[in-house]
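# Curious how this folds, go ahead:
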Amino acid sequence: MRIHKPASSRWLAAALLPLLAACGPTDPGEALRALGEFQDGIITFYDATGAGNCSFDPSPQNLDVAAINKGQYEGSAVCGSCVEIEGPKGNLRVRIVDSCPDCPDKGHLDLSREAFAKIANPIDGRVKVRWRMVTCDVQGPIRYHYKDGSSQWWTAIQVRNHRLPVTKLEYWKNNAWVQVKREDYNYFVEPSGMGTGSIKVRVTASDGQTLEDTLPAPTSNTTHDGAAQFKGG
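Numbers count the residues shown, from 1 in each chain. Purely as a prediction, here's the structure:
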């Protein structure tokens, strides 16, 4: 349950531009326009762990994280994306790890207590800021995580550690790329499985970049490094 301090200021009025759900999985327009464009807003805070609806693992060593209102969660399309916030005490880059069902207003960002305190006074509860979508400051290649229960008969893959928002995942089957549906808990799920043996996958970023990797056969709750990372600032 999220508890916010009462305040008289309005919630965020400017909207995070929708990432790809409305413009198609490889259309770069909306996502590229979102990156780098400052907008006015308001932030609140909650007891974040780094986990949440995006199904990422808790990150106790890095709580520069945030939840976004359910309306702009876009069926998990913003999971793993990064936002730079200009607050009264300075700037901070946070990663979207959750949706906020108690945040009805479009554009509302709900930070961890720790992140909020870095850029604003927690006693204020809600604080006016400017923020923008930015590339994530990640190290190393993208990573793939097989969800617990994954097998040749039911396969769920999550993309992690990506510099740019991920818009599509496909796998190679019968000499063609097959697009996999992304569920709102941030896994690309093939209900009938992706078969036995290694799996060739292709991941598309918000600006149209693609990365191809060959993954080991699905094994429950395992993580594998890709070969490369998306280019970006």
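
# domain parsing for the protein?
When the chain is parsed with automatic domain parsing, its domains come out as 29-134, 143-225.

# highest average neighbour count across these?
domain 29-134 (a mean of 20; mean count of other C-beta atoms under 10 Å). Using the backbone N, CA and C atoms, a C-beta is placed for each residue, glycine as well.

# before we move on, the earlier item: mean pLDDT lowest where, among the domains of the chain?
Least confidently modelled of the domains of the chain is domain 29-134, at a mean of 89 by mean pLDDT.

# Just checking the distance from that one to the centre of its chain.
10 Å (C-alpha atoms, centre = their mean, to the nearest Å).

# Please renumber the chain so that the first residue is 383 from this point on.
Okay, using 383 as the starting number, the last item reads as domain 411-516.

# Could you find the closest non-adjacent residue to the residue positioned nearest the centre of the chain?
For the chain, the residue nearest the mean C-alpha position is residue 461 (1.5 Å; C-alpha atoms, centre = their mean). Spatial nearest neighbour of residue 461, excluding adjacent residues (C-beta to C-beta, 6 or more residues apart in numbering): residue 436 at 3.7 Å.

# The one you found reaches residue 478, doesn't it?
Yes - using C-beta atoms under 8 Å, residue 436 is in contact with residue 478, at 7.0 Å.

# what's in contact with the one helix or strand residue 475 maps to?
If you go by DSSP states H and E, residue 475 is part of strand 472-482. Outside strand 472-482, the residues that touch it by C-beta atoms under 8 Å, 6 or more residues apart in numbering are 384, 428, 430, 432-436, 438, 441, 446-452, 455, 460-467, 490-494, 497, 500-501, 516, 518-519.

# That one pairs with which strands?
Applying DSSP bridges to the sheet, strand 472-482 is found paired with strand 447-451 (parallel), strand 464-469 (antiparallel).

# Same list (these) but as CSV, adding distance to residue 551.
Below are the strands paired with strand 472-482 laid out as CSV (distance: least, C-beta to C-beta, whole Å):
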stretch, distance to residue 551
strand 447-451, 21
strand 464-469, 20
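
# closest to residue 506 out of those strands?
Among the strands paired with strand 472-482, the nearest to residue 506 by C-beta to C-beta is strand 464-469 (10.2 Å).

# Only alpha carbons, please: show that closest one as PDB.
The C-alpha trace of strand 464-469 is given here as PDB (Å, rounded to 0.1, in the frame of the first residue of the first chain):
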ATOM      1  CA  CYS A 464      14.900   5.700 -17.300                       C
ATOM      2  CA  VAL A 465      13.800   9.200 -16.300                       C
ATOM      3  CA  GLU A 466      15.900  12.200 -15.400                       C
ATOM      4  CA  ILE A 467      14.200  14.400 -12.800                       C
ATOM      5  CA  GLU A 468      15.200  18.000 -11.900                       C
ATOM      6  CA  GLY A 469      14.200  18.600  -8.300                       C
END
